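Colleague: here are the coordinates; sequence isn't available:
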């Protein structure tokens, strides 16, 4: 039996390493998981930078946290160390790996960014995993610990002096039901956050304490140019089946297990890239979920996967809200740049269906896009103004351009980008006032009390374009006014209504108790 430490960076959900942990444990190995920093700490700054820390945004890591990490690894004394990370934390992973090299243990890097760009990863680490890791990591460990040749393990690349060993990619494992459930057990887990080390618990500020994160499948049928699934579908797994889904029976079994093992579980989060696929699967899921699970949940959808019957199924079994990726209102951007193939009409129809069924929806947009023109931004605004309220617009995501993505290669050819961001294995253009202005204007469209003409007037104002902080302040004030404590999942009118309903329930309960007491008093007095 080998001892393995798996490390996630700024991601306490870390499905990849939680599946690896379960798989390795099922094969009689001992595994610890370390969540080094958590999602809510991304871009979180401190008042004063300490010597020996790592302060390259979006990271802000103190020297104390680095010391806690190294001391913990030394104490656990694992045989193998694995890092799973995204492009934003490339530089931090290099630093932490360097800190551990004195232990002379095999360190394996994995994750989407490593799969996309293994050559870059091998400049800093000797072993990287390209693709899925369950079978790969197990095979490597069992060969390595028995002093057998491990250099031919599929999915692994090795640095051997000046040479690189590039092994072939193994096909995606076909039956996801064969894998054990991801390891969300709190034993043998550590969190390093806010300068402290937490053991055997979820991060105190994480909604893992009350929510179960579930993924029912792997892969995506769409090939958007900015997304890793484009690379997976077209280059890594051509002529292979990458899109797979667990059986409804298997998903329901995991949900029941999570409910049984989490006494305070109140909410389910399905994080599939697109949950609303496969109508027959969803019909079976809906029947089972509303009878056996009965918990509110949310999921991702796509304008091309928003059929009325599907949304009605989700509504019937208790969906709280859905997140729909619109990304842009410009058909030029959607078709020619993003390869999304969703017309404005299709987007509007999808949102109308969601709204008419009575499901709340949250919109994802992509900003900081070097391909956008002024007309593209206006097209996004006019589309948003046609959507039915209520809806919420998530803070606009910047367009990150990752190595080997179609859109990145095109941006390089056109000279839109030159060098990767420091500490990241990706490109981002510099944010200018016009980007901040349009991000704020687009998000104003979610407020029904602002007329279309008012928003259009704001969008045309040259003074506001040069001073986007004014529009940003208006947006901030409106968010606080509309939502309880700024929480976009809790509109104030709904919160007040829920308090009133709770008050009525308490009144009914108290009146019932009073009647019972008076009845007993009458019996006693008579």
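Modeller: It's in. All values reported here derive from a predicted model rather than from experimental measurement. Numbers count the residues shown, from 1 in each chain.
Colleague: count of neighbours near residue 428?
Modeller: A count of neighbours around residue 428, defined by other CB atoms under 10 Å, yields 16. From N, CA and C alone the C-beta is placed, and that goes for glycine too.
Colleague: now the helices for the stretch 101-250 of the chain?
Modeller: Along the stretch 101-250 of the chain, the segments classed as helices by DSSP state H, counting those that start in this stretch run 112-116, 118-121, 134-145, 228-231, 248-261.
Colleague: would you indicate which residues of the third one are buried?
Modeller: Under the neighbour-count criterion of 16 or more other CB atoms under 10 Å, helix 134-145 has 134-142, 144 buried.
Colleague: can I see the domain layout of the chain?
Modeller: What automatic domain parsing lists as the domains of the chain is 3-178, 210-430, 498-526.
Colleague: residue 82 touches residue 106, doesn't it?
Modeller: No - using CB atoms under 8 Å, residue 82 is not in contact with residue 106; the gap is 9.1 Å.
Colleague: residues contacting the residue lying closest to residue 210 once chain neighbours are set aside?
Modeller: Closest residue in space to residue 210, ignoring its immediate chain neighbours: residue 266 at 5.0 Å, by CB to CB, 6 or more residues apart in numbering. Residues in contact with residue 266 (CB atoms under 8 Å, 6 or more residues apart in numbering) are 210-211, 295-296.
Colleague: residue 201 reaches residue 186, doesn't it?
Modeller: Yes - Residue 201 is within contact range of residue 186, at 5.6 Å (criterion: CB under 8 Å).
Colleague: what subset of the contacts of residue 266 is buried?
Modeller: Buried by 16+ other CB under 10 Å: 211, 295, out of the contacts of residue 266.
Colleague: let me have the contacts of residue 266 in CSV, adding pLDDT as columns.
Modeller: Listed next are the contacts of residue 266 as CSV, based on pLDDT from 0 to 100:
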residue, pLDDT
210, 91
211, 94
295, 96
296, 96
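Colleague: just the contacts of residue 266: which are in strands?
Modeller: Using DSSP state E, the subset of these located in strands is residue 211.
Colleague: please produce CSV containing the contacts of residue 266, extended by distance to residue 10.
Modeller: Shown next, in CSV, are the contacts of residue 266 (distance: CB to CB, whole Å):
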residue, distance to residue 10
210, 21
211, 18
295, 27
296, 27
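Colleague: list just the nearest of the contacts of residue 266 to residue 119.
Modeller: Nearest to residue 119 out of the contacts of residue 266 is residue 211 (CB to CB; 37.6 Å).
Colleague: what's near enough to touch the closest one?
Modeller: For residue 211, the contact set (CB under 8 Å, 6+ apart) comprises 265-269.
Colleague: got a winner among those residues for most neighbours?
Modeller: residue 268 (22 neighbours).
Colleague: out of the buried residues of helix 134-145, who's nearest residue 48?
Modeller: residue 137 (39.8 Å).
Colleague: any stretches of this protein with poor pLDDT?
Modeller: Scanning the chain for pLDDT under 70 picks out 486-508, 510-511, 513-526.
Colleague: not counting sequence-adjacent ones, nearest residue to the spatially most central residue of it?
Modeller: The residue lying closest to the centre of the chain (CA atoms, centre = their mean) is residue 271, at 7.0 Å. Spatial nearest neighbour of residue 271, excluding adjacent residues (CB to CB, 6+ apart): residue 215 at 5.5 Å.
Colleague: residues in contact with the one you found?
Modeller: 15, 182, 270-272.
Colleague: return the member of those nearest to residue 50.
Modeller: When these are compared for distance to residue 50 (CB to CB), residue 15 wins out at 32.3 Å.
Colleague: list the residues that contact the closest one.
Modeller: By CB under 8 Å, 6+ apart, the neighbours of residue 15 are 182, 213, 215, 271.
Colleague: switch the residues you listed over to TSV; also include distance to residue 279.
Modeller: Formatted as TSV, the contacts of residue 15 follow (distance: CB to CB, whole Å):
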residue	distance to residue 279
182	26
213	24
215	19
271	20
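Colleague: strands along the stretch 251-400 of the chain, start to end?
Modeller: Counting by DSSP state E, counting those that start in this stretch, residue ranges of the strands within the stretch 251-400 of the chain are 267-270, 297-301, 319-327, 360-367, 391-393, 397-398.
Colleague: looking at these, which is nearest to residue 54?
Modeller: strand 397-398 (21.3 Å).
Colleague: so what does that closest one touch, helix or strand wise?
Modeller: Counting by 3 or more CB pairs under 8 Å, 6 or more residues apart in numbering; DSSP states H and E, the packing neighbours recorded for strand 397-398 are strand 360-367.
Colleague: angle of the strand it packs on against strand 297-301?
Modeller: Strand 360-367 and strand 297-301 are oriented at 40 degrees to each other (axes from the mean of the first three to the mean of the last three CA atoms, to 10 degrees).
Colleague: now do the buried residues in strand 360-367.
Modeller: Neighbour counts over strand 360-367 (16+ other CB under 10 Å) mark 360-363, 365-367 as buried.
Colleague: with respect to residue 442, which of those is nearest?
Modeller: residue 365 (6.2 Å).
Colleague: that closest one and residue 282, how far apart?
Modeller: As judged by CB to CB, to the nearest Å, residue 365 and residue 282 stand 26 Å apart.
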